[in-house]
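Asks: Predicted model and sequence follow; I will ask about them next.
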Amino acid sequence: MGAKDKRGKKGNAAVYTTRNQAVRMLQVRLPEFRRLCILKGIHPREPKKKKHGQNKTYYHVKDIKWLLHEPLLAKFRDIKAYDKKIVKAKAKKTYELAKKLLDRRPGYTLDHIVKERYPAFIDALRDLDDPLTMVNLFAVLPGETKHGIDSKVVQKSKQLALEFQAYVVRSHALRKVFASVKGLYYQAEVMGQTVTWLIPHERSQTMPDDVDYKVMLTFLEFYQTMLEFINFKLYHDLGLKYPPLGEGKIQNLANALPEIMDAMSGARTLAYPNEKPDGRDGEGASTAQANDPEQEGNELDGDAKECANVFKGLVFFVGRENPLEALVFLVKAFGGAVGWDGEGSPFTVDCPDITHQVVDRPKVVDPIASREYIQPQWVLDCVNNRFLIPTTDYEPGKKPPPHLSPFVDNEAEGYTPEYAEMLKQLKAATTPSEHRAEEIPEEGTMPELGPRPAASKAELEEEYLREVELEAAGVTHSDVLKRGGIEKALEAVQQKKLQKMPQNKRKAAAAEDKPVDLTEIMMSRKSQRLYGAIQKGKRAKEAKVEGLKQKREKLRGQK
C-alpha cells in the first residue's frame, strides 16, 4: 500500500490558487497584480470545486508561476522603491531634489509583451476590434486629473486612431458604416481580416463616477503599444514612413486626417504641379482631388476597386453643423474630394467644382443650381450600397428614408425591408449586367410570348380548380398579379381562413397537417429537448417576420 497523499498536494487545491495567495507569492500590491494580469492576458478561473470558499477569486497556479518570470515585476518593484525616495524628499521639504527625482523617474515598455501575446501579425489583426474601440473612446474624452486621464494619453489616442484611418483611406479598405445611438460603427477589411470598431459621436462626453478608469487606462496602455506595432507594419507594407507626422502634436483635429493623408502621399506635388498652397490653381478652380486616382485604381482590385469608385469625380462640401471627421473619412475612403467650413479646408463654399453640399438644416439659403444639397445620411447609405442613390428623398427639410444596418443579413433573418428591396432594384438597374447579352434574342428570332402550354390534362384541371377557389374567395385577377402568382394568392386565402378559425381548431388543424417525423421519435430525450428548443427558436423567428410583414401592410394601408 502506497503512502497517503498530503492534503493540498493534488486535485483542485494544487491546481488553483486564490487571489490573496497569488499576491503574497508575487510580493506585489493588489493594483500592481491587477495591472500585471491585464497586460499579460491572465484571467480568473472557475474551478468545479472551490476549496477556499465560494466568494473567492481563483487563478491557475501555472499562470501565477509564469508571472514570477515577468521582467515587468522587477520594474514595478524598482519604481515602488524609487517612489519612496520622492516621498522622502518631499517630507524633508527638499522640493528641488524631489523635482529632479520626479523628472528622472524610471519607466517601462510593453514591446516584449505584444510580441509574446501576438507572435504572428495576423493574430494581432484578429484582435484589433477592442483596441480600436478603446483608443477611439479615449480620443474623445477630456483630459481630467480627477479621473487620472492625462492629456498626453488623449492626444496619443487621437493620433493613433487617425493614423489607422489614414491607412484605411489609402488602401480603400472600408466596407460598412452604421450610425447608432452609441456612435458610428465601421467595418474594414485589412489584409483579409474583418475589423469592426466603434467611434463615439463628436459631442462633449460625460464622465460617470462608477467606472474604474485605472483599469481602463491599463488596457489602453497595452492597446496603444499594440496599435503602434500594427500601424507601423501596415505603413511599412505600403512603403510609407511611420509616423507620418512625426512626434509633434496635432494642432487642428478637423484637419488632422487630410494632413496625415498629405504626409503619406509623397507624390502629391508631382501629380498636381500647378497646385497652390490654398488648394486652387492659377485660374481659381479647385484642385482638391484624390491622390492620383488613376494610378491607385490600377493597383486596386476586387471590393477595394469598387469602393474607390463610388464617389470618384465628386467634390463634397461639409457644413459646420455636420459630423465633420466622420464625413471626411467616408468621402475620402470612397474616392471623393471634400472641403469643409473651417480652418484647413482645401477650398471654400464658393468653389464652382462642388457637386454635393452636405446640409443638416431644414432649409437652404440661396441654393446654387449646379450642385445637389443632401443630408449626411445620403453619404452613409451610398457607402453601404456602393452606388449613388438618387438624392430626391435626402434633400434638406425632408424626412429621410430609414437608415438600414448593413450588419444585418436579410436573407438569414428571413425578412427584407421595403427600402432595401427598392435599393437592390435601383442598383441592379444602374449597374451594367454581364448576363444582359444572354437575355437579348438573336437576330431573326422572336422570344416566346404568352403562357406556356400545360404539360398534361391533369395539370389543366388542377389549375382550373385553383382559379375557381380564388373566385369563390373573392380574389380578382389583379389581386393575383399583385400577390405574384396563383400559389401565393392561395396561401394568403388559406392564412385568412386559419385566422378566422378559433384557436383550438387552428391547433388541431395544424397538428393534422403535420407529418409524423420518425427521426424525432427515435431521438433520445436530451436530443428531443435540444431539437424542440431549435424548433421553438425557428417558430419565434417566423412569428417575428410575420409581425413585421403585417406591420408593413398596415403602414401601406394608412398611406
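Replies: Okay, I see it.

Asks: Now the phi/psi pair for V364, please.
Replies: Main-chain torsions, V364, degrees, to the nearest 10: phi -100, psi 130.

Asks: what ranges do the strands span in the stretch 301-450 of the chain?
Replies: Ranges of strands within the stretch 301-450 of the chain are 315-318, 337-340, 356-358, 372-374, based on DSSP state E, counting those that start in this stretch.

Asks: Of those, which is nearest Q224?
Replies: Closest to Q224 of these is strand 337-340 (C-beta to C-beta; 28.4 Å). In short, each C-beta sits where N, CA and C put it, glycine included.

Asks: Now do the closest one: which elements does it pack against?
Replies: Secondary-structure packing of strand 337-340 (3 or more C-beta pairs under 8 Å, 6 or more residues apart in numbering; DSSP states H and E): strand 315-318, helix 324-333.

Asks: Do I have it right that E321 meets D360?
Replies: Yes: under the criterion of C-beta atoms under 8 Å, E321 makes contact with D360 at 4.9 Å.

Asks: more crowded one of the two?
Replies: Shown here are E321 and D360; by other C-beta atoms under 10 Å, D360 has more neighbours (15 against 12).

Asks: Present the strands of the stretch 301-450 of the chain as TSV; the columns should include distance to E116.
Replies: As requested, those are exported to TSV (distance: least, C-beta to C-beta, whole Å):
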stretch	distance to E116
strand 315-318	44
strand 337-340	42
strand 356-358	46
strand 372-374	49
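
Asks: Just send these back as TSV, with mean neighbour count and mean pLDDT too.
Replies: Converted to TSV, those look like this (neighbours: other C-beta atoms under 10 Å; pLDDT from 0 to 100):
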stretch	mean neighbour count	mean pLDDT
strand 315-318	25	94
strand 337-340	26	92
strand 356-358	23	94
strand 372-374	20	93
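
Asks: Who are the packing partners of the one helix or strand V23 maps to?
Replies: Here V23, judged by DSSP states H and E, is contained in helix 19-26. The contact analysis (3+ C-beta pairs under 8 Å, 6+ apart) places helix 19-26 against helix 30-40, strand 58-60, helix 61-67.

Asks: Highest average neighbour count across these: which stretch is it?
Replies: strand 58-60 (a mean of 19; mean count of other C-beta atoms under 10 Å).

Asks: and that one, what does it pack onto?
Replies: strand 16-18, helix 19-26.

Asks: neighbouring contacts of the first one?
Replies: Contact with strand 16-18 is made by 25, 45, 47, 51-52, 56-61, 64, as judged by C-beta atoms under 8 Å, 6 or more residues apart in numbering.

Asks: What strands line up against it, and which way round?
Replies: Take DSSP bridges as the rule and strand 16-18 pairs in its sheet with strand 58-60 (antiparallel).

Asks: So what touches the helix or strand containing I113?
Replies: Under the criterion of DSSP H and E, I113 resides in helix 111-117. Residues outside helix 111-117 that contact it (C-beta under 8 Å, 6+ apart) are 39-41, 71-72, 124, 222, 225-226, 229.

Asks: now, the most widely separated pair of those residues?
Replies: Farthest-apart pair in the contacts of helix 111-117 is P71 and A124; separation 20.9 Å (C-beta to C-beta).

Asks: So if I had to pick from the two, which one is more boxed in?
Replies: Ranked by neighbour count (other C-beta under 10 Å), P71 and A124 place A124 first, with 20 against 10.

Asks: Let me see the contact set for the more buried one.
Replies: When contacts are counted by C-beta under 8 Å, 6+ apart, A124 touches 114, 118, 226, 229-230.

Asks: go with 10 Å
Replies: 114-115, 117-118, 131, 193, 226-227, 229-230, 233 (C-beta atoms under 10 Å, 6 or more residues apart in numbering).

Asks: Next, find the distance separating it from F222.
Replies: According to C-beta to C-beta, to the nearest Å, A124 stands 12 Å off from F222.

Asks: if I look at the two, which residues touch both of them?
Replies: Residues touching both A124 and F222 (C-beta under 10 Å, 6+ apart) are 114, 117, 131.

Asks: By neighbours, which of those residues wins?
Replies: With neighbours taken as other C-beta under 10 Å, the top of the shared contacts of A124 and F222 is P131, carrying 23 neighbours.

Asks: looking at this, that one is in a helix?
Replies: Yes: under DSSP: H, G, I helix; E, B strand; the rest coil, P131 falls within a helix.

Asks: That one touches F138, doesn't it?
Replies: No: counting by C-beta atoms under 10 Å, P131 sits too far from F138 to count as a contact (11.1 Å).

Asks: Spit out the residues that contact those two alike.
Replies: Common neighbours of P131 and F138, using C-beta under 10 Å, 6+ apart, are 160, 219-220, 223-224.

Asks: Can you tell me which of these is nearest A304?
Replies: Among these, and counting by C-beta to C-beta, the member closest to A304 is L160, at 23.0 Å.

Asks: Output the helix or strand harbouring the closest one as PDB, restricted to C-alpha atoms.
Replies: L160 is part of helix 151-171, with elements assigned from DSSP H and E. Once non-C-alpha atoms are left out, helix 151-171 reads as follows in PDB (Å, rounded to 0.1, in the frame of the first residue of the first chain):
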ATOM      1  CA  SER A 151      -4.000  65.000 -21.800                       C
ATOM      2  CA  LYS A 152      -0.900  63.300 -23.400                       C
ATOM      3  CA  VAL A 153      -2.800  59.900 -23.300                       C
ATOM      4  CA  VAL A 154      -5.800  61.500 -25.100                       C
ATOM      5  CA  GLN A 155      -3.500  63.100 -27.700                       C
ATOM      6  CA  LYS A 156      -1.700  59.900 -28.400                       C
ATOM      7  CA  SER A 157      -5.000  58.000 -28.700                       C
ATOM      8  CA  LYS A 158      -6.300  60.600 -31.200                       C
ATOM      9  CA  GLN A 159      -3.100  60.400 -33.300                       C
ATOM     10  CA  LEU A 160      -3.100  56.500 -33.400                       C
ATOM     11  CA  ALA A 161      -6.800  56.400 -34.400                       C
ATOM     12  CA  LEU A 162      -6.200  59.000 -37.200                       C
ATOM     13  CA  GLU A 163      -3.200  57.100 -38.500                       C
ATOM     14  CA  PHE A 164      -5.200  53.900 -38.800                       C
ATOM     15  CA  GLN A 165      -8.000  55.800 -40.500                       C
ATOM     16  CA  ALA A 166      -5.500  57.300 -42.900                       C
ATOM     17  CA  TYR A 167      -4.300  53.800 -43.800                       C
ATOM     18  CA  VAL A 168      -7.900  52.700 -44.400                       C
ATOM     19  CA  VAL A 169      -8.400  55.700 -46.700                       C
ATOM     20  CA  ARG A 170      -5.200  55.000 -48.600                       C
ATOM     21  CA  SER A 171      -6.000  51.300 -49.100                       C
END
